[in-house]
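Colleague: coords below, sequence missing:
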């Protein structure tokens, strides 16, 4: 969902020649967009990307309409995550007889908020009991909603789920490198302004020396220089250096005040070379990506409020504690074998005319399933990302009281990768819960997964203290969810390779006999709730056409 990648790919080589040399290659339009994105911000880059067809938005345009008589057809839905419940809600409205089987004793699947008193056991038997104070929570799965995820926003509006802003970019949060600036975290506003100023100065030099003449008209050249001066805080000589212009972007060493001695003092910018070699620029890419542009939102009281609201639309349709163990189909219908977890694991069966399977592929690939060889190959082709997230409760909101950080995310090269500050109840004092780390795939995630929950939390506190020394005094308790050890998913989200998607995606989404799959894995928006909902809507629309035509 959010790593340390930057917008676009960096070039593997560089030219040390004079930029006015006629042999110097002209800057391509894509590269110019990347430079504009880094210099002028994500909105300007996205506008340019949209015109060239490099970005898109959710195709959702309103509630689905399933027209035609299903003639009393029944559908069994596997999984009460957002995909499964979307299918159940819409099919029931279209007069299908609907039943849902869900492994957990709650709705939502990965749409999950952990609160004080909650108990959960991971593979291997380790059990965690959350010790958070009342009113505090942690979202171990999805934790934010982009403004362009129209489907989930529409369902939240229709189902009465109150939303509030989620702060993605806080200019006063930190970028941190263990091997730069003596390990001292740097304010995002300073790094961002100084990086943009340095890049703007370089691009202005290239523009003035004619390096862009082949791709940029004379008129555009003058407008670009004007924009670089304004957005890059360049002086009259198109240089980025200490002064009122730079301080107007990066902040002051001593801010303006009142009374005697109230005049501000300009700070000294960080050199572009220092930013480049520190790799702090990687963190800036998280604010350029379309997925993370403002405004983002979150449900009031935790992401799990969405799953709860979906479940209220289909009362008495979800059977909880039902662990699917087999999926069989014949010409007349589908038979689901499941264990009743609340009754000692007794095996039962559910029969329906059709099946919408919204189980994660990591689970489905382990079950006996009557599907065609192409669909079976597609199910087996998608590994799941290893993700570990940490919820840490502190005795006071020191990030606000001491460091004036209200919401947002700090990025680091430490194994915890990032720290996210709560966007709710800001400046209210009292205790608070931080997302104390978010290790997405790679060695860090695998190493944390191999630890006991207590060791994960201990290490997260240890690493976090290098950025916020207050951790050591203020930490009270925490939980750590390693998604490869979560029994109902065995991983966080499907990770399609380009090759696998090309070879298997259409087979995965096809109706196979009387079975159709849904979930974020059956979308081009993996790891997002929007992808789960859109996949379900597409699946049931195609299924409905087949039912009506039969």
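Modeller: Received, thanks. The model shown is predicted, which means the values in this text are computed figures rather than measured ones. Residues are numbered from 1 along each chain as shown.
Colleague: Residue 409: which element?
Modeller: Assigned by DSSP states H and E, residue 409 belongs to strand 408-412.
Colleague: Name the strands paired with that strand and say parallel or antiparallel.
Modeller: Paired neighbours of strand 408-412 in the sheet (DSSP bridges): strand 174-176 (parallel), strand 418-421 (antiparallel).
Colleague: I'd say residue 531 and residue 524 touch.
Modeller: Yes - if you go by C-beta atoms under 8 Å, residue 531 and residue 524 touch, sitting 7.1 Å apart. (Glycine included, C-beta is placed from N, CA and C.)
Colleague: Which one of those two is surrounded by more residues?
Modeller: Between residue 531 and residue 524, residue 531 has the larger neighbour count (other C-beta atoms under 10 Å), namely 25 against 12.
Colleague: so where is the stretch 1-150 of the chain shaky, pLDDT-wise?
Modeller: Flagging of the stretch 1-150 of the chain using pLDDT under 70 yields the residue ranges 1-56.
Colleague: Show me the strands in it, by range?
Modeller: Assigned by DSSP state E, counting those that start in this stretch, the strands in the stretch 1-150 of the chain fall at 74-78, 97-102, 114-115, 119-121, 127-129, 137-138, 145-146.
Colleague: which stretch among the strands paired with strand 408-412 comes nearest residue 406?
Modeller: Minimum separation from residue 406 across the strands paired with strand 408-412 (C-beta to C-beta) falls at strand 418-421, 7.1 Å.
Colleague: Which residue is the nearest non-sequential neighbour of residue 424?
Modeller: residue 164 (6.4 Å; C-beta to C-beta, 6 or more residues apart in numbering).
Colleague: typo on my end, residue 69
Modeller: Take residue 69 and drop its neighbours on the chain: the residue closest to it by C-beta to C-beta, 6+ apart is residue 548, 6.8 Å away.
Colleague: And for residue 406?
Modeller: Spatial nearest neighbour of residue 406, excluding adjacent residues (C-beta to C-beta, 6+ apart): residue 426 at 4.6 Å.
Colleague: Compile the strands paired with strand 408-412 into TSV and extend it with columns for distance to residue 65.
Modeller: Below are these laid out as TSV (distance: least, C-beta to C-beta, whole Å):
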stretch	distance to residue 65
strand 174-176	48
strand 418-421	39
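Colleague: Compare these and give me the one nearest residue 196.
Modeller: Among those, the nearest to residue 196 by C-beta to C-beta is strand 174-176 (13.6 Å).
Colleague: ok, and what's touching the host helix or strand of residue 223?
Modeller: Following DSSP H and E, one finds residue 223 within helix 218-231. Helix 218-231 is contacted from outside by 39-41, 196, 200-201, 203-204, 207-208, 212-213, 216, 234, 238, using C-beta atoms under 8 Å, 6 or more residues apart in numbering.
Colleague: do the same with stretch 464-474
Modeller: Here stretch 464-474 makes contact (C-beta under 8 Å, 6+ apart) with 174, 176, 178, 183, 185, 392, 394-396, 398-399, 402-403, 410, 412, 414, 416, 419, 434, 436-437, 461.
Colleague: Out of those, which end up buried?
Modeller: 174, 176, 185, 392, 394, 396, 398-399, 403, 410, 412, 414, 416, 419, 434, 436-437, 461 (16 or more other C-beta atoms under 10 Å).
Colleague: ok, back up a step: give me every residue that touches the residue nearest to residue 69.
Modeller: Residues in contact with residue 548 (C-beta under 8 Å, 6+ apart) are 68, 69, 70.
Colleague: what about the first one, neighbour count?
Modeller: For residue 68, the count of nearby residues is 12 (other C-beta under 10 Å).
Colleague: who's residue 138 bridged to?
Modeller: Beta-bridge partners for residue 138, by DSSP bridges, are residue 114.
Colleague: quick one on the thing from earlier: which one of the contacts of helix 218-231 sits in the busiest neighbourhood?
Modeller: For the contacts of helix 218-231, counting by other C-beta under 10 Å, the largest number of neighbours falls to residue 200: 27 neighbours.
Colleague: before we move on, back to that, pick the one among the contacts of helix 218-231 closest to residue 386.
Modeller: Among the contacts of helix 218-231, residue 41 lies closest to residue 386 (C-beta to C-beta), at 32.3 Å.
Colleague: re earlier: single out the most deeply packed of the strands of the stretch 1-150 of the chain.
Modeller: strand 74-78 (a mean of 27; mean count of other C-beta atoms under 10 Å).
Colleague: helices or strands next to that strand in the packing?
Modeller: Contacts defined by 3 or more C-beta pairs under 8 Å, 6 or more residues apart in numbering; DSSP states H and E place strand 74-78 against helix 82-93, strand 97-102, strand 333-340, strand 346-352, strand 354-357.
Colleague: what about those, which gets the closest to residue 284?
Modeller: The minimum distance between residue 284 and those falls on helix 82-93, with 31.2 Å, by C-beta to C-beta.
Colleague: how deep is residue 275 tucked in, by neighbour count?
Modeller: Counted by other C-beta under 10 Å, the residues lying close to residue 275 total 23.
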